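> sequence first, predicted model second:
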Amino acid sequence: MSSRKSSSINVNSPAPILSRKRWQLVPFLLILDLADIDVFQEARKVIEAFQNKEVGPALAWCAENKSRLKKSKSKLEFQLRPQEFIELVRAENNLRAITYAQKYLAPW
């Protein structure tokens with residue numbers, strides 16, 4: 001029999017002492033392991049774009065996730081397209097707005 005000590009954790013021994021501040025970080029660290037941070041960062045970019053009246057990042061996200069949106073019968077792209085048209089009209093880019101409407105709104 002070996003006299004070498006096992007490196008496994010003994011569940012019967014008391015937990016190591018952590019300061020209150022460190023204990024407060026534990027749930028946050030567990031969430032970080034479970035969460036897909038990239039998704040939240042992308043969502044933040046889309047929200048910031050909306051605040052600047054830019055629909056482009058949301059439409060790009062729709063294009064990247066088209067199959068998932070179609071599977072869930074989402075109307076998100078349908079709701080975003082008219083807003084993009086409105087922003088083109090507001091910018092007095094009428095020719096581009098007409099072309100946009102013919103390309104993206106007519107199929108709906």
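All right, it came through fine.

> which pLDDT value goes with Arg68?
Taken from the predicted model, the pLDDT recorded for Arg68 is 88.

> tell me which element it falls in.
For Arg68, the element it lies in under DSSP states H and E is helix 66-71.

> quick one: contacts of that helix?
62, 76-77 (CB atoms under 8 Å, 6 or more residues apart in numbering). Where you see a C-beta, it was placed from the backbone N, CA and C, and this is true even at glycine.

> now it, how far from the centre of its chain.
Computed by CA atoms, centre = their mean, to the nearest Å, the separation of helix 66-71 from the middle of its chain amounts to 16 Å.

> and whatever helix or strand comes next after it, what other elements does it pack with?
Past helix 66-71, further along toward the C-terminus, the next helix or strand under DSSP H and E is helix 76-90. Counting contacts by 3 or more CB pairs under 8 Å, 6 or more residues apart in numbering; DSSP states H and E, helix 76-90 is packed against helix 56-64, helix 66-71, helix 94-100.

> using CSV, lay out those together with distance to Gln41.
CSV is the format used below for those (distance: least, CB to CB, whole Å):
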stretch, distance to Gln41
helix 56-64, 12
helix 66-71, 18
helix 94-100, 28
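
> let's have these in JSON lines, adding mean neighbour count and distance to Ala49.
As requested, those are exported to JSON lines (neighbours: other CB atoms under 10 Å; distance: least, CB to CB, whole Å):
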{"stretch": "helix 56-64", "mean neighbour count": "16", "distance to Ala49": "4"}
{"stretch": "helix 66-71", "mean neighbour count": "11", "distance to Ala49": "18"}
{"stretch": "helix 94-100", "mean neighbour count": "13", "distance to Ala49": "17"}
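
> and of the ones you listed, who's closest to Ile37?
Among these, the nearest to Ile37 by CB to CB is helix 56-64 (16.0 Å).

> can you give the distance of the closest one from its chain's centre?
Distance of helix 56-64 from its chain centroid, counting by CA atoms, centre = their mean, is 11 Å.
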